[in-house]
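**Q** with the sequence up front, the predicted model follows.
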Amino acid sequence: MSGPRPVRAPRGTELSALGWQQEAALRMLQNNLDPEVAEHPDKLVVYGGTGKAARDWRSFDAMVRTLRTLKQDETMLVQSGRPVGVMQTHEWAPRVLIANSNLVGDWANWEEFRRLEALGLTMYGQMTAGSWIYIGTQGILQGTYETFAAVAAKKFGGTLAGTITLTAGLGGMGGAQPLAVTMNDGVAICIDCDPRAIERRIEHRFLDVKADNLEHALQLATEARDARKPLSIGLLGNAAELLPRMLAEGAPVDIVTDQTSAHDPLAYLPLGVDFDDMADYATEKPADFTQRARESMAKHVEAMVGFMDAGAEVFDYGNSIRGEAQLAGYGRAFDFPGFVPAYIRPLFCEGKGPFRWAALSGEASDIHRTDKAMLELFPENESLHRWIKMAGERVHFQGLPARICWLGQGERDKAGERFNDMVARGDLVAPLAIGRDHLDCGSVASPYRETEAMLDGSDAIADWPLLNAMVNVASGASWVSIHHGGGVGMGRSIHAGQVTVADGTKLAGEKIRRVLTNDPGMGVIRHVDAGYDIAESVAAERGVRVPMREG
Ligand code: NAD
């Protein structure tokens, strides 16, 4: 009978599918559910509240079965985590096409989504959960590291040494925050209401210590700050209670953000609710829970605004907490910016974003070899060198070994082609799956996050992620997905993903060159269209064609 069980991707070079393109999809689906990778594998939940890799265990089994027999000219169709068809296509076509959590506009809210989910008709795919390219907390680590580096550059003379960052949420994504702060030499106090989340981050060396209580956390933080020593401190509790208390007590905080699962009010612990009762309460009384969670988020955001008024650098870290606080009636929720307009947009203009690859062999040595290749390929890129070195020393692999680094248009294709050559030459034990987050330069419409405050006001235009998915299908990606509601929740985002497999064949090389040029190229043209000068010069320099700028 189909039911929860431990899942782990096969390692090595022996294929259980008919080719490496299918084998890669199979291993990456299984890898997303590896207990080392997924937050709640028994529920098929990978990360981000309830972001799932498959709708139910029967669907998971059917996908595995189908991928094992899928031919080189066939494509499996996945509708919200369930395989619904196999069509004859051709060898350039993706082996899997995925559409997750999409709803028609007027129906695109959590209430309707939950109703349909309870009927077994859909699932929440988040971003990389339902598109099988989640690589554990490392996936977000580099983006978070870059964001805190940008905060340091903007306000603290290029380093976080001597500063205290206050944040909450040590889950799949939020767990990257403590390490990203200490990599920038700062001190972080990280609140989570789940003791397991704190223990897990310590186990994976993303978090240094756990404080006994608030006073202890502040003592450890100020001592480390005064000694200009990096330190990350886990603090058990409810952020909606602790932040207002810390503000009232004048806690010496320089930077404030948050990565609780605020995008989904059923995953945010309301004030006055015990963590142990949270899951039952959310299931039994969802409307009541939602209202109390939103009211608590309003208190949480009000304290963040208070810290801003007191001079701290405050930003929303892409979890929609401002939107939820506003729904609860808090009027100043949007007084502080989202992290994309504040720090990331210039990178998006260059087609930069969270490029990543996973070693299907399961061998850490394959990743170490690709790390070396990256350093040789981009000798002039100092921040990439700093990142690869630190990641090599401090990142604990979860599941199949993988690496992430932000690369732009004109760089990703070079890396991808080099990787494919390495597979062809036998420098690596087995092929690589090369993909990215949906939080990328040209693959998402999300007015509270990636497309907040676009220069031309085009924040909610969702044609771009759809074009992105289509261009990746047309360019030869191995699997392509279109999702709704990732990151910021239902009704608030539409986004697309792609993964392309470097199996060492000439055909894979041709596909990789096109996909890894055109996919980040979407970021460049999207930002040219919105009127960004940086994107305009990048397009001119790299020959990215924009018809409205020609003739
Ligand atoms: P997760 O569900 O794995 O973890 C959320 C954590 O928040 C849990 O450990 C939970 O115990 C804790 N939490 C919930 N309510 C709390 C409260 N009131 N006080 C203290 N802790 C509380 O989610 P995740 O994958 O870590 O993602 C976190 C959020 O960040 C999501 O909203 C996600 O969409 C968003 N996100 C942002 C980015 C980005 O780049 N900025 C990327 C991905 C996801």
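**A** Okay, I see it.

**Q** in stretch 203-215, which residues are buried?
**A** Burial within stretch 203-215, assessed by neighbour count using 16 or more other C-beta atoms under 10 Å, is assigned to H204, F206, L207, D208, K210, A211, L214. For every residue, glycine as well, the C-beta is placed using N, CA and C.

**Q** spatially, what comes nearest to the first one if we skip its sequence neighbours?
**A** In space, and not counting its chain neighbours, H204 is closest to H396: 4.8 Å by C-beta to C-beta, 6 or more residues apart in numbering.

**Q** got phi/psi on that neighbour?
**A** Main-chain dihedrals, H396, degrees, to the nearest 10: phi -90, psi 120.

**Q** heads up, I number from 40, so please use that
**A** Got it, the first residue is 40 from now on, which makes the last one we talked about H435.

**Q** list the contacts for it?
**A** Contact criterion C-beta atoms under 8 Å, 6 or more residues apart in numbering gives H243, R244, F245 as the residues in contact with H435.

**Q** between these, which sits nearest the ligand?
**A** F245 (11.5 Å; C-beta to the nearest ligand atom).

**Q** ok, L416 touching R457?
**A** Yes. Taking C-beta atoms under 8 Å as the definition, L416 is a contact partner of R457 at 5.9 Å.

**Q** flag every buried residue along the helix or strand F458 falls within.
**A** Assigned by DSSP states H and E, F458 belongs to helix 451-464. Residues of helix 451-464 classed as buried: R451, D452, K453, A454, G455, E456, R457, F458, N459, M461, V462, A463 (neighbour count, 16+ other C-beta under 10 Å).

**Q** which one of those sits closest to the ligand?
**A** When the buried residues of helix 451-464 are compared for distance to the ligand (C-beta to the nearest ligand atom), R451 comes out closest, at 18.8 Å.

**Q** is the closest one in contact with P393, as I believe?
**A** No. Judged on C-beta under 8 Å, R451 makes no contact with P393 at a distance of 10.8 Å.

**Q** ok, F99 to N70 distance?
**A** Spatial separation of F99 from N70 under the definition C-beta to C-beta, to the nearest Å is 13 Å.

**Q** can I get the buried residues of helix 451-464 in a markdown table with distance to the ligand and pLDDT?
**A** Conversion of these to a markdown table gives the following (distance: C-beta to the nearest ligand atom, whole Å; pLDDT from 0 to 100):
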| residue | distance to the ligand | pLDDT |
| --- | --- | --- |
| R451 | 19 | 98 |
| D452 | 24 | 98 |
| K453 | 25 | 98 |
| A454 | 21 | 98 |
| G455 | 23 | 98 |
| E456 | 28 | 98 |
| R457 | 27 | 98 |
| F458 | 25 | 98 |
| N459 | 28 | 98 |
| M461 | 29 | 98 |
| V462 | 30 | 98 |
| A463 | 34 | 98 |
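
**Q** dump those residues to a markdown table, plus distance to N148.
**A** Written out in a markdown table, the entries for the buried residues of helix 451-464 read as follows (distance: C-beta to C-beta, whole Å):
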| residue | distance to N148 |
| --- | --- |
| R451 | 35 |
| D452 | 39 |
| K453 | 43 |
| A454 | 40 |
| G455 | 38 |
| E456 | 43 |
| R457 | 45 |
| F458 | 41 |
| N459 | 43 |
| M461 | 47 |
| V462 | 45 |
| A463 | 49 |
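
**Q** and for Q537, the neighbour number?
**A** A total of 29 residues lie near Q537 under the criterion other C-beta atoms under 10 Å.

**Q** what packs against the helix or strand containing it?
**A** Per DSSP H and E, Q537 falls inside strand 533-541. Contacts defined by 3 or more C-beta pairs under 8 Å, 6 or more residues apart in numbering; DSSP states H and E place strand 533-541 against helix 59-71, helix 451-464, strand 471-475, strand 483-484, helix 502-514, strand 518-523, helix 545-568.

**Q** give the rounded mean pLDDT of the shortest one.
**A** The one in question is strand 483-484. The average pLDDT for strand 483-484 rounds to 98.

**Q** what's near enough to touch the residue in the stretch 440-589 of the chain positioned nearest to the ligand?
**A** For the stretch 440-589 of the chain, the residue positioned closest to the ligand under C-beta to the nearest ligand atom is G526, at a distance of 4.2 Å. Shown here is G526, whose contacts under the criterion C-beta under 8 Å, 6+ apart are 87, 165-166, 302, 357-359, 477-478, 485, 488-489, 532, 534.

**Q** helix or strand: which one has it?
**A** Of the helices and strands defined by DSSP H and E, none includes G526.

**Q** E150 now?
**A** For E150, the element it lies in under DSSP H and E is helix 149-157.

**Q** so G362 belongs to a strand, correct?
**A** No. With DSSP: H, G, I helix; E, B strand; the rest coil as the criterion, G362 is located in helix rather than a strand.

**Q** next up, the contacts around it.
**A** So, once contact is read as C-beta under 8 Å, 6+ apart, G362 ends up touching A372, Y487, V527, G528, R531.

**Q** buried residues in stretch 145-164?
**A** Applying a neighbour-count criterion of 16+ other C-beta under 10 Å, one finds A147, N148, W149, E151, F152, R153, L155, E156, T161, M162, Y163, G164 buried in stretch 145-164.

**Q** quick one on the thing from earlier: what's the helix holding E150 in contact with?
**A** Outside helix 149-157, the residues within contact range by C-beta under 8 Å, 6+ apart are 140, 142, 161-163, 303-305, 325, 329, 524, 528-529.

**Q** still on that earlier bit, which of the contacts of G526 come close to the ligand?
**A** Applying C-beta under 6 Å from any ligand atom, the subset of the contacts of G526 adjacent to the ligand comprises G87, H302, G357, N358, L478.

**Q** how near is the closest residue to T556 other than its chain neighbours to E151?
**A** What sits nearest to T556 in space, not counting adjacent residues and going by C-beta to C-beta, 6+ apart, is D452, at 4.6 Å. In this structure, D452 and E151 are 41 Å apart, going by C-beta to C-beta.

**Q** if we can go back for a sec, output the contacts of H435 in TSV; the columns should cover pLDDT.
**A** Written out in TSV, the entries for those read as follows (pLDDT from 0 to 100):
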residue	pLDDT
H243	86
R244	88
F245	91
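
**Q** out of those residues, which is nearest to K193?
**A** Nearest to K193 among the contacts of H435, counting by C-beta to C-beta, is F245 at 24.2 Å.

**Q** host element of the residue lying closest to that closest one once chain neighbours are set aside?
**A** Here the nearest residue to F245 in space, its sequence neighbours aside, is L218; by C-beta to C-beta, 6+ apart that works out to 4.4 Å. Secondary structure assigned from DSSP H and E places L218 in helix 215-222.

**Q** show me what that helix is packed up against.
**A** Contact analysis of helix 215-222 by 3+ C-beta pairs under 8 Å, 6+ apart lists helix 177-194, strand 203-207, strand 226-231, strand 270-275, helix 421-433 as its packing neighbours.
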